[in-house]
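model the following, please.
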Amino acid sequence: MKQEEKDRLRAALPITELITYLGARPGSGDAWHCFRHEDKKPSLVANNQRQVVTCFSPECDLRNKRTGKDGLDIFEIIKVVDNCNFMQAVDRVRGLVSDPAQLLTQKQTPFLSKKKRRVPETSQDLEHIPELTDLQEKHRAFLKKRYGEQWRWLADRYGIKGWHYHVAIPITKDSVAFIPLDKEKDQVFYRGKNRTAQLFPNRPEEHAKASSVLVVEGEKDVLAAELALHAQGKLGEWAVITNTNGAGNVKRDTPLFFNFDPASVKKVVICYDNDPAGERANSAVYENAREFFSSSARISIKRFKNKPTGYDIGDYLKEKQSALAM
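Now for the predicted structure:
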């Protein structure tokens, strides 16, 4: 491959756009939260002028596959992420360059001020739902690793599709949730006209028949809990929901229970992650449920005592081999 062609592709795909697409989150300056591992303090440095990224975390696997050195360009990043050779990485980059709409999922503008978060380039970018594909091997491997041999039941129930480095879960005809493959704890994002919905899943008919409700933190934990309840024949009696805006944004008045019949629900269990944000969300949802449901409903919080920070119901189900006792 000629150097001129490599230079053209590097210029057409700035390295910060690629890592944003892969799930990296901006810090300040050239610092980013790495998309290959848990990264509370930004350890990734990306510079469009030098056209390389370097991660300084010892946990990171972003190393040149041939030499083991730091400082990867767009092709080396793709080789690591997709476990492919150079020419396959070139083909992947060409595909991204030829279809820039793929990169708009998380494409962002510079900080407007220190107090304002990054915002999407335009609302139309977020309303655009890219063309989804059937599940490829990398999507199936992700689902199997996270949800076990019964992942196909989830795929059928939700109509799960693939989209490059994400699994895509249609929510309505106008909105889709995308779960990144590369980092289990990374953020789920929504695309489509109805992307602002705060409830996942939104199943009015099923929820209206439920007598018990389980509230968890995040879409991935909804899938894990539903699978466990399905295995025990209790899905239907139980409904599992989450707030799509994250534990830090759930409030006492966040609309969560509007699909449920207050007189029919006898039990509500709230189970956010084992961290400060999760504890605040537990309290907010508890007060929310007390106001919404009748006095006959038993409302409780399930906490994970003596577990590490961030431990969640997905971890609990793996540890208990999908035994869900509420």
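
tell me the helix or strand right after whichever strand or helix holds A11.
Here A11, judged by DSSP states H and E, is contained in helix 3-12. Counting by DSSP H and E, the element after helix 3-12 in chain order, helix or strand, is helix 15-22.

which positions in stretch 220-230 come out as buried?
K220, D221, V222, L223, A224, A225, E226, L227, A228, L229, H230 (16 or more other Cβ atoms under 10 Å). In short, each C-beta sits where N, CA and C put it, glycine included.

pLDDT wise, what is the fifth one at?
According to the model's per-residue confidence, A224 sits at a pLDDT of 93.

which ones are touching it?
Going by Cβ atoms under 8 Å, 6 or more residues apart in numbering, A224 touches R146, Y147, I313, G314, L317.

again with W238
Applying Cβ under 8 Å, 6+ apart, the residues near W238 are A210, S211, S212, V213, L214, L229, M326.

in PyMOL, how would I select the buried members of those residues?
The PyMOL command for the buried members of those (criterion: 16+ other Cβ under 10 Å) is given here:
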select buried, resi 210+212+213+214+229
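
and P170, which of the three is it?
strand (DSSP: H, G, I helix; E, B strand; the rest coil).

ok so, going back, please flag which of the buried residues of stretch 220-230 sit within helices.
Within the buried residues of stretch 220-230, residues falling in helices by DSSP state H are K220, D221, V222, L223, A224, A225, E226, L227, A228, L229, H230.

can I get the contacts of A224 in JSON lines with distance to F257, pLDDT and secondary structure?
Compiled in JSON lines, those are given as follows (distance: Cβ to Cβ, whole Å; pLDDT from 0 to 100; DSSP: H, G, I helix; E, B strand; the rest coil):
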{"residue": "R146", "distance to F257": "27", "pLDDT": "88", "secondary structure": "helix"}
{"residue": "Y147", "distance to F257": "26", "pLDDT": "90", "secondary structure": "helix"}
{"residue": "I313", "distance to F257": "19", "pLDDT": "91", "secondary structure": "helix"}
{"residue": "G314", "distance to F257": "22", "pLDDT": "88", "secondary structure": "helix"}
{"residue": "L317", "distance to F257": "23", "pLDDT": "89", "secondary structure": "helix"}
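
how about the strands in this structure?
Counting by DSSP state E, the chain has strands at residues 25-26, 31-33, 44-47, 52-55, 161-163, 166-172, 175-180, 189-192, 199-200, 212-216, 238-243, 267-271, 298-301.
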